[in-house]
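Colleague: Sequence and predicted structure are below.
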Amino acid sequence: MASSVGLRSGNILMHRQSLQASRTAYTIRTYNARWNHAHRPLLFSSRRLMSTESEPRPTAPPSAGIRLSTLFYSLIALGVVSTAYGLYEIYKMFTAWPPPLRPDLRAAIDAKHKGNYPLSAKHFQRAYDMALELPVTELGDQPYLKISGVAIALGEVLELANQPEGALESYSEALDLMRKHKEELTGPERLRTVALAHKLGALAQALGRPNAEEEQWRVFAVEEALRLAKDTTARPSHATESSEAALVVLAELDLPRWLHNDDVGAPIEALGEFYGRTGRLDYALPLYLQAISMLVPPPNSPKKASPEELCRGAQLMSNMAELIVRDGPLTHAKIHQAEAWAKKAQEILAKASAGRPSGDVQGVCDQAYVVTLFNLASLREMDGDPKSAKEYFQRAHETATRAGLREGTGEARLALMRLARTENSSTQKPTTPEP
């Protein structure tokens, strides 16, 4: 990859800013042509600095041949979803569980804490089987939340026991049960179906299942979340009906108390990441935009973002920059468009820094800042400005070193060395032999 820097898609660029496609100054269009990476720098991505979450996966998708439906397109700006699996419900109050289930639940938890995962799985399986046989009235309020909670706890233990296929089966059975009783589900129970589908999509990716299988779970999670949002959230007063179902910006939704903003964007972002990873940028970009809008509400929004949300939003903005230059012929206009996103990420990170983040949040912000600086350097190099590129790479190197991000330090060092070699080769004059 000669004299090329690079924009790499990643995890460091995570979440959002309400720069909706129709409003933003950084208009994103569909990119059809393929970008030849051998002729351009690579943008760095958060994924290179942050470990991605490995999740379980599915046996059979929710419905054969599920596709991006009209509902998905018409409600894309309305989506909500949750990654809160409720894995610890059964740990809180045993009195909430019918007496027949309590001994096995206690034994399962005890075995898990001792690291005896096969024994723990055995007891969770027995508790799950008994829960299925009991009348739902004996399980009290939101019975399917409890039943699925046991299935999820079983799946978690199976994953710990290195039995991902068994975990996938447990999650799939729980989702099938809830879908069978979908008319009886409460809001939190419907949210659980979203979480299960999201988990299954992640497992499909982790287990290397075909892309079509992963897509089916991820699309199901997003579409079901959109339906849930539509049913539980009032539209803002300024929203009007249209033939396309009155789209609403995610950041403007007044979500119910049981649905946290931090739970909402993960499946949307995951589906966007999937489409970015598989080269379908016309699907990926609007999904990223919606994820950004939930993390970083627009300036006129009454909602305030936390430093962590701002940094995650900046991460996603950097991902947007990477997506823009990845495919299609590289042009100055495309470089400047990507650079606008990277600079917006830099602006958001400065705002987050003013909130004095600490601990893990500071780590997220440091990673986002390193990636943003690296990407700005890459874009400057692509645009024929090695001097500015060098300055950004140096800042990325300094920040990564200070934050203890070894891979970021190494990547920035390699980029600086490459720039130095290019500069030396361009300044060397050919010598003519003496007569």
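Modeller: That came through, no problem. Residues are numbered from 1 along each chain as shown.
Colleague: next helix or strand past whatever helix or strand Gln290 lives in?
Modeller: For Gln290, the host element (DSSP states H and E) is helix 281-295. Counting by DSSP H and E, the next helix or strand C-terminal to helix 281-295 is helix 307-326.
Colleague: Does that next one pack against any helices or strands, and if so which?
Modeller: Helix 307-326 is packed against strand 6-7, strand 42-43, helix 46-49, helix 266-277, helix 281-295, helix 332-354, helix 359-382, with contacts defined by 3 or more CB pairs under 8 Å, 6 or more residues apart in numbering; DSSP states H and E. Using the backbone N, CA and C atoms, a C-beta is placed for each residue, glycine as well.
Colleague: Val136: which of these is closest?
Modeller: Proximity to Val136 (CB to CB) singles out helix 266-277 among these, at 27.2 Å.
Colleague: the inter-axis angle of that closest one versus helix 281-295?
Modeller: 150 degrees (axes from the mean of the first three to the mean of the last three CA atoms, to 10 degrees).
Colleague: who does helix 266-277 touch, helix- and strand-wise?
Modeller: Secondary elements touching helix 266-277 (3+ CB pairs under 8 Å, 6+ apart): helix 187-206, helix 211-232, helix 281-295, helix 307-326.
Colleague: what's the most buried one of those helices?
Modeller: Of all the helices and strands packed on helix 266-277, helix 307-326 has the most neighbours on average by mean count of other CB atoms under 10 Å, namely a mean of 30.
Colleague: pLDDT averaged over the helix holding Gln290 - what is it?
Modeller: The predicted model assigns helix 281-295 a mean pLDDT of 89.
Colleague: which secondary structure elements does it contact?
Modeller: Helix 281-295 packs on helix 266-277, helix 307-326, going by 3+ CB pairs under 8 Å, 6+ apart.
Colleague: could these go into CSV alongside distance to Lys334?
Modeller: Shown next, in CSV, are these (distance: least, CB to CB, whole Å):
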stretch, distance to Lys334
helix 266-277, 16
helix 307-326, 6
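Colleague: Relative to Asp366, how far out is the closest residue to Ala396 other than its chain neighbours?
Modeller: Of all residues not flanking Ala396 in the chain, Leu373 sits nearest, at 3.8 Å (CB to CB, 6 or more residues apart in numbering). According to CB to CB, to the nearest Å, Leu373 stands 11 Å off from Asp366.
Colleague: which of the two has more neighbours?
Modeller: Set Leu373 next to Asp366 and count neighbours by other CB atoms under 10 Å: Leu373 wins out with 28 against 22.
Colleague: coming back round to it: any shared contact partners between Leu373 and Asp366?
Modeller: Thr399 (CB atoms under 8 Å, 6 or more residues apart in numbering).
Colleague: Would you mind checking which helix or strand in the chain has the lowest mean pLDDT?
Modeller: Sorting the helices and strands of the chain by mean pLDDT, DSSP states H and E puts helix 70-75 at the bottom, at a mean of 38.
Colleague: Would you check how far apart Asn211 and Arg280 are?
Modeller: Relative to Arg280, and taking CB to CB, Asn211 is found at 10 Å.
Colleague: what does Ala225 give?
Modeller: Taking CB to CB, one finds Ala225 at 20 Å from Arg280.
Colleague: Would you agree the residue nearest to Ala396 is in contact with Arg395?
Modeller: Yes: assessed by CB atoms under 8 Å, Leu373 is found in contact with Arg395 at 5.0 Å.
Colleague: shared neighbours of the two, anything?
Modeller: Counting by CB under 8 Å, 6+ apart, Leu373 and Arg395 have no contacts in common.
Colleague: Where does Gly328 fall, secondary structure wise?
Modeller: In this structure, Gly328 is located outside every helix and strand according to DSSP H and E.
Colleague: returning to what we had before: tabulate the helices and strands packed on helix 281-295 (CSV), appending mean pLDDT and distance to Thr399.
Modeller: As requested, the helices and strands packed on helix 281-295 are exported to CSV (pLDDT from 0 to 100; distance: least, CB to CB, whole Å):
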stretch, mean pLDDT, distance to Thr399
helix 266-277, 91, 24
helix 307-326, 91, 13
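Colleague: Ala131 is nearest to which of those helices?
Modeller: Of all these, helix 266-277 sits nearest to Ala131, with 26.3 Å by CB to CB.
Colleague: List the buried residues for that closest one?
Modeller: 266-276 (16 or more other CB atoms under 10 Å).
Colleague: do stretch 160-175 as well
Modeller: For stretch 160-175, burial by neighbour count (16+ other CB under 10 Å) applies to 161, 163-164, 166-175.
Colleague: Equivalent analysis for stretch 379-398, please.
Modeller: Quick answer for stretch 379-398 (16+ other CB under 10 Å): 379-383, 386, 389-390, 392-397.
Colleague: Any chance of those in TSV with pLDDT and distance to Thr232 as columns?
Modeller: Below are these laid out as TSV (pLDDT from 0 to 100; distance: CB to CB, whole Å):
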residue	pLDDT	distance to Thr232
Leu379	95	41
Arg380	96	46
Glu381	94	48
Met382	93	45
Asp383	93	46
Pro386	94	53
Ala389	95	48
Lys390	96	52
Tyr392	97	44
Phe393	96	47
Gln394	97	49
Arg395	97	45
Ala396	96	43
His397	97	47
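Colleague: Please report how far Leu101 lies from Leu139.
Modeller: Taking CB to CB, one finds Leu101 at 9 Å from Leu139.
Colleague: Identify the contacts common to those two.
Modeller: Residues touching both Leu101 and Leu139 (CB under 8 Å, 6+ apart): Ala131.
Colleague: of those two, who's got more company?
Modeller: Higher neighbour count among Leu101 and Leu139: Leu101, with 21 against 18, using other CB under 10 Å.
Colleague: Check the contact between Thr399 and Leu373; I expect there is one.
Modeller: Yes: contact criterion CB under 8 Å: Thr399 and Leu373 qualify, at 6.4 Å.
Colleague: Show me what the helix or strand harbouring Arg418 is packed up against.
Modeller: Element membership for Arg418, per DSSP H and E: helix 406-427. Other helices and strands packing on helix 406-427, by 3+ CB pairs under 8 Å, 6+ apart, are helix 46-49, helix 359-382, helix 386-403.
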